[in-house]
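K.L.:
Have a look at this prediction, sequence included:
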Amino acid sequence: MDATQNTLSLKSIYIDFREITKARLAVSVVFSSVAGFMLGIYDIHSFSWMTLLKLAIGGYCMVGASNAFNQVIEKDLDALMDRTKNRPVPAGRMSRSAALIIASLLTIIGIVLLYTINPKTAMFGAISIFLYTSVYTPLKTMTSLSVFVGAFPGAIPFMLGWVAATGEFGIEAGTLFLIQFFWQFPHFWAIGWFLYEDYEKAGFFMLPTGKKDKGTALQIILYTVWLIIASLIPVLGYTGRLYITPVTAIVVFLLGVWMLYYAVQLYKLRTAKAARTLMLVSVSYITLLQLVYIFDKFLR
């Protein structure tokens, strides 16, 4: 019986840790960092498994810490929303102080690991946590500009990988940041659209006009266009070592058109289903874009 109880408690601890760090989101963020790292290394001979491992674990810790701090701060608001009320802290399975300890430990481990790669990587990781918890989180109940602020920490992971690989923040890392920065808007506004009623319960302002209207849908289209333009900049040859061939640029453009199509569909239909579809397409888009960039680098 004791063995069964121990197994159950270990399983529940694992599940709660996964929920408080938002594991699926954290893994997708780590993937962006790994993609940036692969783009940053000079060639396959300069690849380091140890650096990649430290980036992956350190990156997970940083994202996990941000999410844990967020859940400590928003405990009472999370309890109001269907999608968040069963998280460990609002559900009462984990105390605020325990969550705070976990968040603090993850921050320390993450910064130390990233610092062993290079100081700039640790600095950007720390900036990401600060912006997410101290600026973005409080603004969510005040203004829809919170999404703009949240786009900064959200855009850091892609370029963080480049900085980890090179120790430098230049035009290349800046371009990767720009791509993921513009991507944040259609992605999060699509989420804000289909979860509008749930967010409303907690008083969160996520949509640019505050409503599920043509104005919001139009902004989603405009930021998708900016995303497409940003993703094509490397073909022009002005972004240092970050370069894609014209053939790859065509693939990148077609990926952008694919996402733009669903942004236009949301403008036409203005339904929760269309918004959810756009959100799913946006996740596929950024993953495929990063893979295309990597394939272009190593196959040309």
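P.N.:
Sure thing, it's come through. Residues are numbered from 1 along each chain as shown.
K.L.:
The host helix or strand of Leu176: which residues count as buried?
P.N.:
If you go by DSSP states H and E, Leu176 is part of helix 171-194. Within helix 171-194, the residues that count as buried by 16 or more other Cβ atoms under 10 Å are 172-194. No exception for glycine: its C-beta is placed from N, CA and C like everyone else's.
K.L.:
hey, C-alpha coordinates of it in PDB?
P.N.:
Taking Å, rounded to 0.1, in the frame of the first residue of the first chain, the C-alpha atoms of helix 171-194 are listed here in PDB:
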ATOM      1  CA  ILE A 171      22.100  41.800 -36.900                       C
ATOM      2  CA  GLU A 172      21.600  38.000 -37.100                       C
ATOM      3  CA  ALA A 173      20.200  37.600 -33.600                       C
ATOM      4  CA  GLY A 174      18.200  40.800 -34.000                       C
ATOM      5  CA  THR A 175      16.600  39.400 -37.200                       C
ATOM      6  CA  LEU A 176      15.700  36.200 -35.400                       C
ATOM      7  CA  PHE A 177      14.200  38.300 -32.600                       C
ATOM      8  CA  LEU A 178      12.200  40.300 -35.100                       C
ATOM      9  CA  ILE A 179      10.700  37.300 -36.700                       C
ATOM     10  CA  GLN A 180       9.500  35.800 -33.500                       C
ATOM     11  CA  PHE A 181       8.400  39.200 -32.200                       C
ATOM     12  CA  PHE A 182       6.000  39.700 -35.100                       C
ATOM     13  CA  TRP A 183       4.800  36.100 -34.800                       C
ATOM     14  CA  GLN A 184       3.600  36.700 -31.300                       C
ATOM     15  CA  PHE A 185       0.700  39.000 -32.300                       C
ATOM     16  CA  PRO A 186      -1.300  36.800 -34.600                       C
ATOM     17  CA  HIS A 187      -0.600  33.800 -32.400                       C
ATOM     18  CA  PHE A 188      -1.700  35.400 -29.100                       C
ATOM     19  CA  TRP A 189      -4.500  37.500 -30.500                       C
ATOM     20  CA  ALA A 190      -6.000  34.200 -32.000                       C
ATOM     21  CA  ILE A 191      -5.800  32.700 -28.500                       C
ATOM     22  CA  GLY A 192      -7.300  35.900 -27.000                       C
ATOM     23  CA  TRP A 193     -10.100  35.600 -29.500                       C
ATOM     24  CA  PHE A 194     -11.300  32.000 -29.000                       C
END
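K.L.:
Can you tell me the closest non-neighbouring residue to Leu195?
P.N.:
Arg83 (6.5 Å; Cβ to Cβ, 6 or more residues apart in numbering).
K.L.:
what's around that neighbour, how many residues?
P.N.:
If you count neighbours by other Cβ atoms under 10 Å, Arg83 ends up with 10.
K.L.:
and if you look at Tyr261?
P.N.:
Around Tyr261 there are 12 residues (other Cβ under 10 Å).
K.L.:
Distance of it relative to Ile250?
P.N.:
Tyr261 sits 17 Å away from Ile250, going by Cβ to Cβ, to the nearest Å.
K.L.:
What of Pro153?
P.N.:
Separation of Pro153 from Ile250 (Cβ to Cβ): 32 Å.
K.L.:
swap in Val112?
P.N.:
Taking Cβ to Cβ, one finds Val112 at 43 Å from Ile250.
K.L.:
Same check on Leu39?
P.N.:
Going from Leu39 to Ile250 by Cβ to Cβ gives 19 Å.
K.L.:
Please apply the same query to Pro138.
P.N.:
Shown here: Pro138 relative to Ile250, a distance of 43 Å by Cβ to Cβ.
K.L.:
With Phe169 instead?
P.N.:
Per Cβ to Cβ, Phe169 is found 29 Å from Ile250.
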